[in-house]
Structures are given as C-alpha cells and as structure tokens.
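Novice: the following comprises the amino acid sequence and a computationally predicted model.
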Amino acid sequence: MYGETEPAAAAAAERTAFRRAEKQYKLYKPPKPKGRARSKRGSGQGGGGGGEDLSSVIDFHALLAAGDGGLPAGIGRSELAGFDRPIFCFLDRPGFYFIPGALSIDEQCYWIKESLKTFPQPPNRTNLTALYGPIFDLLTAAKNQKILVEVKKTDGQEISEQNSDGRKIHSNNFKFIEDSEIPKGEVYRSTAATTLFRKLRWSTLGLQFDWSKRNYDVSLAHNKIPDALAALAKMMAIPAMPSGEEFRPEAAIVNYYSPSDMLGGHVDDMEADWTRPIVSISLGCKCIFLLGGKTRDEIPIAMYLRSGDIVLMAGETRECFHGVPRIFTGSDDEEISALVSQLCGEDDSFILNYIQNSRININIRQVY
Ligand SMILES: O=C(O)CCC(=O)C(=O)O
Ligand SMILES: [Fe+2]
C-alpha cells in the first residue's frame with residue numbers, strides 16, 4: 001500500500017482536512033447493543049461508540065432506492081444510452097462516476113475467486129514477492145495448510161520442481177511442504193501459507209508497478225490483463241470516456257484489505273493520460289471511501305463503497321486525493337450475506353471465510 005505520510009510530516013499532516021477525516025472514520029466504532037450504551041460521547045444521534053459520526057457518509061444505494069426525487073444538493077444522476085445502469089456523479093468533481101451494484105452476485109463471486117486464486121500468480125507481483133520471490137498457488141497451499149519453508153541449498157543443488165501445468169516453480173529456495181515433511185535441521189525459515197495469505201496486501205496485473213519508484217517498470221515480466229477483466233473494464237469505463245473512444249486496460253492493482261487496513265490519501269498520477277478513467281471495482285466488505293480535492297486541505301466527501309459497486313475517476317478527479325480509511329467487517333453486512341449463498345461449495349469455505357472479513361479492490365488503468 002502507499003500514500004502513507006512520512007513520519008517527519010505526520011504532525012503537520014494531522015492538521016489537514018483530509019487527515020482529520022481519515023482519523024474520524026478510522027476511529028469510528030459501531031454503537032454498542034441496546035442496554036449497554038454508555039451515556040458519554042457517542043451515544044447521541046448517529047454517533048458511534050467512539051463519538052464519531054457516519055451521518056454524512058453518502059450512501060448511493062439508499063439514494064438509488066429513494067428514487068429521483070431525493071437527491072441531495074451537489075449530486076447528479078444520469079442515464080446513458082446503451083448503458084443500462086444508474087450512474088451518480090458529484091457536480092463539483094467532474095470525471096467522477098459511481099455505478100452502484102454494477103456487478104451481479106455471480107460476477108462478484110467470480111472476481112473474488114480470481115483475485116485470490118489467479119491474480120497473485122507469477123509473473124504478477126505481490127507484496128510478498130520481494131520477501132520470498134515468486135510464490136505459485138498460494139491459495140491452494142493455504143487451503144491445504146501447507147508451510148512455506150526456506151530450504152538450505154547444498155552445493156550444486158538447484159531447488160526446482162514442476163507444478164501441474166509443467167511450469168517450473170521455486171527457482172528461489174522457498175517451497176510449500178506439509179507440516180509433517182519439515183526436514184529436521186535443514187530448514188531455517190518457515191511460514192504457514194495461511195499466514196502469508198493473510199499478509200497479501202496487493203498484487204499487480206498487466207504492466208507491473210514498481211512501488212519503490214512509484215512508476216511502471218515495463219522491463220518486468222508480465223501477462224496482459226485477463227480478457228474478461230479487460231472486457232468488463234472497457235464496458236464500465238464508457239460513462240467516463242470521450243464518446244466513440246475505447247478504454248485500453250493495461251495495468252491493474254488489486255488491493256486486499258483486512259479488518260484494520262486502510263489506504264492513506266494519495267493521488268494516482270503515474271498514467272500518461274488523465275482523461276482516461278481508473279476503473280475501480282469493490283468486492284467483499286463495505287468501506288468508507290474519501291474523495292478529497294486537489295489539496296489535502298479540502299474537506300473530502302465520504303461515501304460507502306459496497307461489494308459490486310464500481311467507481312470511475314477521470315479528468316479533474318484524477319488530480320484529487322482519495323483513500324480508504326475504514327472497512328466494515330462483520331456478519332451483519334447485507335452484501336456479504338448475499339455472497340454466502342453463492343460461495344457454498346465445499347471448496348469455497350476458505351474464500352468465504354476470507355471475504356467475510358476482508359475487502360478487495362481491483363483498479364484498472366490505461367497507462368499510455
Ligand atoms: O480501495 C479502493 O477503493 C481505492 C484504491 C486506490 O485508490 C488505489 O489503489 O489507488
Ligand atoms: Fe488510488
């Protein structure tokens with residue numbers, strides 16, 4: 001993840017409106033169940049247990065349900081010929097579009113599975129790559145309670161195996177083995193695959209992003225964006241594209257959020273043409289998304305992003321700070337319960353368990 005504030009600048013950053021909003025939502029605690037509510041701060045109208053308030057968070061699903069009559073000032077709703085989904089926008093944030101419930105439950109389940117199974121596969125890089133080298137089949141290893149071990153190489157011994165597709169695996173000296181197979185005395189580092197899976201924070205598809213240089217490194221091996229994801233992004237990008245032009249999906253960042261994770265305020269400015277949108281898909285647990293202005297001093301707009309929602313950021317909004325200060329885990333989340341009915345296969349329980357406490361975001365970009 002990125003966008004974290006440098007320690008030296010942290011105190012100053014606290015003073016910005018964006019940082020204050022991040023803090024407000026990060027600290028929000030749901031109200032205590034009736035009868036146990038305390039009378040101090042936070043028990044008032046709309047207040048959370050920590051005194052923070054969610055009443056100004058925009059809920060596009062509620063606006064959709066309320067119909068055309070109930071739009072608050074500053075929010076517009078448009079229809080586009082040939083695009084059979086509602087689209088919301090902010091009158092003072094040109095280039096920002098919100099498509100609530102853009103994906104069906106089936107589509108959400110499909111992309112959740114792809115995000116966990118396929119997208120972290122090499123040559124795609126993840127936050128774990130720098131530590132362990134390429135890791136293949138992490139989801140399967142985690143499901144099967146495997147252990148990733150670093151094995152001492154003896155002179156001339158090359159640790160390499162082929163997986164079921166005939167691909168060479170483990171050119172590094174880490175490999176997944178059963179707990180019972182850990183050879184005594186030969187292993188000097190081991191981590192449970194389930195632990196690694198929980199530590200997955202991002203993976204990159206298509207052109208690979210180099211976080212240290214904050215730029216794309218075209219010299220890194222990469223696959224093109226999977227066809228189905230490219231087709232989805234092209235279709236969903238239409239409201240933000242100049243008419244008659246087609247979005248070219250060239251790179252994507254997949255963010256994996258566990259309950260306490262946040263994404264600090266940042267601007268995505270590494271793509272050449274800001275008239276092209278970032279197509280951003282939300283899956284799993286609901287979150288608060290902050291859309292600020294061109295400086296951190298502007299008070300950001302807070303909105304809920306739910307599983308299946310798609311956000312487009314193009315034009316002037318490409319210059320706006322944005323981030324995710326808070327995700328909401330918990331089984332009472334309506335969107336998650338809808339996924340439960342689809343993720344009921346024997347093989348799905350690991351994924352269901354993961355997504356009930358996590359959020360995934362896939363954001364697709366045209367780089368050139
Ligand atoms: O998680 C999200 O909804 C936003 C992600 C984002 O802004 C990014 O990866 O640049
Ligand atoms: Fe971003």
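Specialist: All right, it came through fine. Ligands and ions are numbered 1, 2, ... in the order given.

Novice: which positions in this protein make contact with ligand 1?
Specialist: Applying C-beta under 6 Å from any ligand atom, one finds that the chain approaches ligand 1 through 253, 255, 263, 268, 280, 282, 289, 305, 322, 324, 361, 363. The C-beta positions use only the backbone N, C-alpha and C, and glycine is treated the same way.

Novice: the host helix or strand of the second one pairs with which strands, and in what direction?
Specialist: For residue 255, the element it lies in under DSSP states H and E is strand 251-257. With DSSP bridges as the criterion, the sheet partners recorded for strand 251-257 are strand 202-206 (antiparallel), strand 359-365 (antiparallel).

Novice: work out the gap between it and the centre of the chain.
Specialist: Counting by C-alpha atoms, centre = their mean, to the nearest Å, strand 251-257 is centred 5 Å from the centre of its parent chain.

Novice: and if you look at stretch 272-283?
Specialist: 13 Å.

Novice: end-to-end on that stretch?
Specialist: Its start and end residues considered, stretch 272-283 measures 27 Å (C-alpha to C-alpha, to the nearest Å).

Novice: before we move on, the earlier item: return the set of buried residues in the helix or strand just after the strand holding residue 255.
Specialist: As assigned by DSSP H and E, the chain's next helix or strand after strand 251-257 is strand 263-266. Neighbour-count burial for strand 263-266 flags 263, 264, 265 (criterion: 16 or more other C-beta atoms under 10 Å).

Novice: please verify my assumption that the first one contacts residue 324.
Specialist: The one in question is residue 263. Yes - contact criterion C-beta atoms under 8 Å: residue 263 and residue 324 qualify, at 4.3 Å.

Novice: need the residues touching each of these two.
Specialist: residue 257 (C-beta atoms under 8 Å, 6 or more residues apart in numbering).

Novice: if we can go back for a sec, now render the residues of the chain next to ligand 1 as TSV, adding pLDDT.
Specialist: Output for these, formatted as TSV (pLDDT from 0 to 100):
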residue	pLDDT
253	97
255	98
263	97
268	95
280	98
282	98
289	98
305	97
322	98
324	98
361	98
363	98
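
Novice: so which of these is the most crowded?
Specialist: residue 282 (27 neighbours; other C-beta atoms under 10 Å).

Novice: for beta bridges, what are the partners of that one?
Specialist: Assigned bridge partners for residue 282, using DSSP bridges, are residue 361.

Novice: close enough to count as contact, it and residue 324?
Specialist: No - contact criterion C-beta under 8 Å: residue 282 and residue 324 do not qualify, at 9.5 Å.

Novice: give me the common contacts of the two.
Specialist: 305, 359, 361.

Novice: what stretches of the stretch 251-368 of the chain score poorly on pLDDT?
Specialist: 331-332 (pLDDT under 70).

Novice: for ligand 1, what's the nearest residue on it?
Specialist: residue 361 (3.2 Å; C-beta to the nearest ligand atom).
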